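>>> Sequence first, then the predicted structure:
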Amino acid sequence: MSDKCPDYVANLYSYIDGELSAEEYEELRQHLLDCPPCLTEYERDMLLKKLVKRACGREQAPEQLRSMIMTQISYSYTQVRYEN
Ligand SMILES: [Zn+2]
């Protein structure tokens with residue numbers, strides 16, 4: 001554990017939710033690779049989040065997945081249009 005660990009742990013939820021800036025994200029990611037106690041905290045938070053989601057029953061599509069689906073849709077739309 002380093003002095004900064006409590007700060008990193010406090011940011012874990014934002015990290016998991018993708019709310020950190022690219023810099024903060026990278027810093028925390030690097031720290032998790034070097035710091036088993038923080039990695040354990042991270043895994044616990046991930047597990048907790050999964051359980052909460054499952055308990056809620058309805059999972060909202062993450063932004064990335066949604067835009068991926070939208071891209072797929074417009075791609076097939078374009079394909080169909082060109083074929084005709
Ligand atoms: Zn740490």
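That came through fine.

>>> Would you mind naming what in this structure lies close to the ion?
With CB under 5 Å from the ion as the criterion, the chain meets the ion at residues 5, 35, 38. For the C-beta atoms, the positions are set from N, CA and C on the backbone; glycine is no exception.

>>> Swap in 6 Å and give it another go.
1-2, 5, 8, 31, 35, 37-38 (CB under 6 Å from the ion).

>>> out of those residues, which are buried?
Among the residues of the chain next to the ion, those buried by neighbour count (16 or more other CB atoms under 10 Å) are 8, 31, 35, 38.

>>> separation between the third one and L51?
What that stands for is C35. Distance from C35 to L51, counting by CB to CB, to the nearest Å: 24 Å.

>>> host element of the residue nearest the centre of the chain?
Nearest to the mean C-alpha position of the chain, by CA atoms, centre = their mean, lies I16 at 4.5 Å. Using DSSP states H and E, I16 sits within helix 12-17.

>>> Give me the below-cutoff pLDDT ranges for the chain.
1, 56-61, 73, 75-84 (pLDDT under 70).

>>> just the helices in it please.
5-10, 12-17, 22-34, 36-56, 63-83 (DSSP state H).

>>> So what touches the third one?
So that's helix 22-34. With contact meaning CB atoms under 8 Å, 6 or more residues apart in numbering, helix 22-34 is reached by 4, 8, 11-12, 14-15, 18, 20, 38-39, 42.

>>> Flag every buried residue along that helix.
27-28, 31-32.

>>> Kindly report the same for the second one.
Of the residues in helix 12-17, 12, 15 count as buried by neighbour count, 16+ other CB under 10 Å.

>>> what's the answer for the fourth one, then?
Neighbour counts using 16+ other CB under 10 Å place 38, 41-42 of helix 36-56 among the buried residues.

>>> ok, back up a step: so what secondary structure elements neighbour the helix holding I16?
helix 22-34, helix 36-56 (3 or more CB pairs under 8 Å, 6 or more residues apart in numbering; DSSP states H and E).
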